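Colleague: Turn this into a structure:
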Amino acid sequence: MGKQELKDTKAGAAPTSAPELTDEEKRRIEAELTVPNVPSTDASSTDSPEGDEETDDEADSKIGKANGTINSAKDTEADKLTPDVDPDQAKPHGHRLKRFFAGYWHRKKWTLPLTLLVIVGILAAVPYTRYPIAGLVLKHRATITVVDASTKKPVSSAAVDIDGQTYKTDKNGKVTVDALKVGKHTLAVSKKYYKEGSSELFVPLLKDTQREVSIQATGRQVSIVVVNKITKAPIEDVILKAAGTEVKTDKDGKAVIVLPADKADLPITITGNGYNQQETKVKVTDAVVPENTFAMVPAGKLYFLSRQSGKIDVAKTDLDGGNRQTVVYGTGKEDDKNTVLLASRDWKYLALLSRRDSGLPKIYLIDTSTDKMTVIDEGDASFNLSGWSGHNFVFNIQRNNVQFFDANRQAVKKYDADKRQLITVDQTTSEKATPTTTQYQQYSNFYLVADKLIYTTQWFYVNNGASYGGTVSQADRSNVVRSVSVADGAKKDVKTFPSNQYTSFTARLYEPGGLYISAYSASESKNVYFKYEDGKVESTSIANDNDFYSTVYPTYLTSPDGNKTFWSEQRDGLDTFFIGDAEGKNGKQVGVWDDYKVYGWYTDAYLLVTKNNSALYAVSVAGGEPVKVSDYHKPQLTYEGYGGGYGGL
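Modeller: Sure thing, here's the model as predicted:
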């Protein structure tokens, strides 16, 4: 029973408080009793100044005062009959919720993360929501291997679709996705002449996953093997394309391609990095047959002189002799002695010495990237080639229209093929010693040693311009062993010899970087011997002319990377071939090929040899049987000891 009902049962009870409240006063009291809005606890809020927020106790105090005002207007008799009630319990339920949320937001720095953690924990405990939630942050590697359902061999170049993203299998039939969300994924595999396969891929929470998928071939499975034509070694990662499908060879050079069974053979394209592309036919059969073993030719062209047309041409072929072409047609004016072709170690440039359009020879440059030919040097002169050092071609000339005792009779030149620039780096000098005597220099003994050109300079004299003369014999004239840096043309006199003591210089290249030098000593009345190594000239142990002249030294051909050398020696009467380090030491035998001689390198993987000075062959650096490239024309000139480029032997 309410307070008002109890008060009404007291008949004739007189009011004990103030008169009855007006409507305006009631509305004012009700407004005061309304619970104010809980202020925001956000630090950025400007609704109320810091420190003005109302506490729970202050709110209770206001409510209590308002209740007291109401109670003072009630009947005291009725108040006595009202039971005692806890003030908090007497408050409305909505008020307690407001107080809860006010405290929650007031402590949101820790209540919000805690709530989020509780929600995630609840959702993670439910299998239906566990993986979608974990997939937001957890990813693992997934490897899918596609195999043929019948042969169980890997299927390369198959399309693997994962959630709409397509990948292609490698030579081992594998696809690897490094970061795939945990949980379930849709997986589909397809390839021409195979039935399409689909399934579900599941990525677990704590580890990478691997999955093998089998697909059933609908065509004929054809086994193919691809090998290197020169080395006979299997070739990996070769792409085979036929009838709209493709595969890749594995590390053993093998692959299985599925082709329509209603054809006896089909066109196939074979493509491999570093090899010439091949267009041929594949036999469509389940059996392993020799016709489906294909030999690929390493990419690039080999250049050489040829007299096949009756004139001396410059020709090129693939490394197996295929696709032969004439690069420079002979004019018929060429001669054997003055026609020489020297290749740089990377085969990018060729230097051709030839008499083509007159009675005088010229030096030409052939750029093998375009096969375009330009003139390096020409004139009324004799050209003596030293060879290639990198992309610089080094040679010396003797001018025919200059007297032998005049200055500039001889000149040392280099041609920078990259810049198309010809530079004269040194020239002989001449001086009048007396009114009737002329002293002049001569250069000789030219050798390329590493990145330097080494040669000797010597003084001679002539009387009255006549042919009579001899070596200058005076202390103030020096004969010199000189070096020229091929890269920048810098000259250095490595060692000087007084011309009244040392004359008649001769040199021999005995190893890469090593040069023996003989000089006649007037004081000893015999030849004495020196060696050039590492930029210095010092005495050597050679005792006599027999040791100096009779020993046969190999020509060491330096590899394109500069780290290896290739040479041959006579061992038990047989031509034995070796590969050693850059200094020509630590030789490893690669073959015994009688009647063969060294010719050059082709990249760092292949060696070039000649047979009977009439045919070129290629062979692997690992040895094996040489493969014939082509017949060729061997000029009369031979550059013994020259190892800076190829073709001079």
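Colleague: burial count for residue 150?
Modeller: Neighbour count of residue 150, defined by other CB atoms under 10 Å: 11. Glycine gets a C-beta too; all of them are placed from N, C-alpha and C.
Colleague: Once you drop chain neighbours, what's closest to it?
Modeller: residue 217 (6.5 Å; CB to CB, 6 or more residues apart in numbering).
Colleague: My read is that the one you found contacts residue 197, right?
Modeller: No - using CB atoms under 8 Å, residue 217 is not in contact with residue 197, being 11.6 Å away.
Colleague: Which parts of the stretch 451-600 of the chain are helices?
Modeller: 545-550 (DSSP state H, counting those that start in this stretch).
Colleague: same thing with the chain?
Modeller: Along the chain, counting by DSSP state H, helices occupy 3-8, 23-33, 56-72, 76-81, 87-90, 93-106, 108-124, 127-134, 545-550.
Colleague: looking at those helices, which one has the lowest mean pLDDT?
Modeller: Looking at the helices of the chain, the lowest mean pLDDT belongs to helix 3-8 (a mean of 38).
Colleague: tell me the pLDDT at residue 433?
Modeller: We have a pLDDT of 89 for residue 433.
Colleague: Contacts only, for it.
Modeller: 439, 461 (CB atoms under 8 Å, 6 or more residues apart in numbering).
Colleague: That one and residue 405: what is the separation?
Modeller: Separation of residue 433 from residue 405 (CB to CB, to the nearest Å): 11 Å.
Colleague: Enumerate the beta-bridge partners assigned to residue 393.
Modeller: In this entry, residue 393 is beta-bridged to residue 388, residue 415, by DSSP bridges.
Colleague: Check the contact between it and residue 351; I expect there is one.
Modeller: Yes - taking CB under 8 Å as the definition, residue 393 is a contact partner of residue 351 at 4.9 Å.
Colleague: Look at those two and report which has more neighbours.
Modeller: Between residue 393 and residue 351, residue 393 has the larger neighbour count (other CB under 10 Å), namely 28 against 25.
Colleague: wait, what's in contact with that one?
Modeller: 342, 344, 349, 351, 363, 365, 376, 385, 387, 414, 415, 417.
Colleague: so what's the fifth one closest to, chain neighbours aside?
Modeller: So that's residue 363. The nearest residue in space to residue 363 (CB to CB, 6+ apart) is residue 376, at 4.1 Å.
Colleague: burial measure for that neighbour, as a count.
Modeller: Other residues lying near residue 376 total 19 when counted by other CB under 10 Å.
Colleague: Contacts only, for the closest residue to residue 352 other than its chain neighbours.
Modeller: Excluding the flanking residues, the one nearest residue 352 by CB to CB, 6+ apart is residue 364, at 4.3 Å. Residue 364 is in contact with 328, 351, 352, 353, 354, 373, 374, 375, 376, counting by CB under 8 Å, 6+ apart.
Colleague: Inside strands: which ones of those?
Modeller: Among these, the members found in strands (DSSP state E) are 328, 351, 352, 353, 354, 373, 374, 375, 376.
Colleague: Which of those are buried? Put it as a PyMOL command.
Modeller: Entered in PyMOL, the line below selects the buried ones among the ones in strands among the contacts of residue 364, by 16 or more other CB atoms under 10 Å:
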select buried, resi 328+351+352+353+354+376
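Colleague: If anything else comes up later, I'll come back, but that's it for now.
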